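Student: Here you go, sequence then predicted model.
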Amino acid sequence: MLVQALAVATTVIVGIGVHPGKTPMFSFDERADMIRASLTEALPEKAGAVSVVAFDRLVVDAARGNSASLLIRGLRDGTDLDYEMQMAGMNRQMAPDIQTVFLPAGSASRPITATLVRQIASMGGDVSAFVPAAVLQALTAKLTR
């Protein structure tokens, strides 16, 4: 998705939402490091065009705070589209100056969810076909502790 986003925008800010009621498998810093490493692996010449930020407020407020005018959202299927259309409509009401663009997932990643990857990995399954090398390394390290 990040590679596709870089085809649409010259710079991309990856916003990682931080929710106080949730305990993610990886911290913000770990997630940010994996994103940077994965991008460097896939497109080393574009690594400087991406920054990673955390936010704990509305995404449109985070976008404005980072001078972004475009939200790029990935879609895997119709369920994603239904949800994302509702979100885009609400965001548009709150921030008409910020546009939302949907990008379809590639056929290889369409059936993949983070939940499935975590479940397969936690049960000893091979997820190397589903995640970049940096993510596989971090996931393996986290699950073998």
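Tutor: Cool, got the structure. What you see is a predicted model, and the numbers here were worked out from it, not measured in a lab.

Student: care to break this structure down by domain?
Tutor: Recorded structural domains for the chain (assignment: automatic domain parsing) are 2-107, 112-145.

Student: Save these as TSV, and put in mean pLDDT and mean neighbour count too.
Tutor: Yep, even glycine has a C-beta here, placed from its N, CA and C like the rest. Below are the domains of the chain laid out as TSV (pLDDT from 0 to 100; neighbours: other Cβ atoms under 10 Å):
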stretch	mean pLDDT	mean neighbour count
domain 2-107	92	14
domain 112-145	92	14
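
Student: So which residues of the protein form helices?
Tutor: Assigned by DSSP state H, the helices in the chain fall at 2-8, 28-42, 59-65, 78-94, 114-122, 133-143.

Student: now these in CSV, with distance to residue 100?
Tutor: As requested, these are exported to CSV (distance: least, Cβ to Cβ, whole Å):
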stretch, distance to residue 100
helix 2-8, 12
helix 28-42, 21
helix 59-65, 10
helix 78-94, 4
helix 114-122, 21
helix 133-143, 26
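
Student: Out of the ones you listed, the one nearest residue 52 is which?
Tutor: Minimum separation from residue 52 across the helices of the chain (Cβ to Cβ) falls at helix 28-42, 4.0 Å.

Student: And for the closest one, what's in contact with it?
Tutor: Contact with helix 28-42 is made by 2-3, 14, 16, 18, 24, 26, 46-47, 50, 52, 54, 132-135, 138, as judged by Cβ atoms under 8 Å, 6 or more residues apart in numbering.

Student: Thank you, goodbye.
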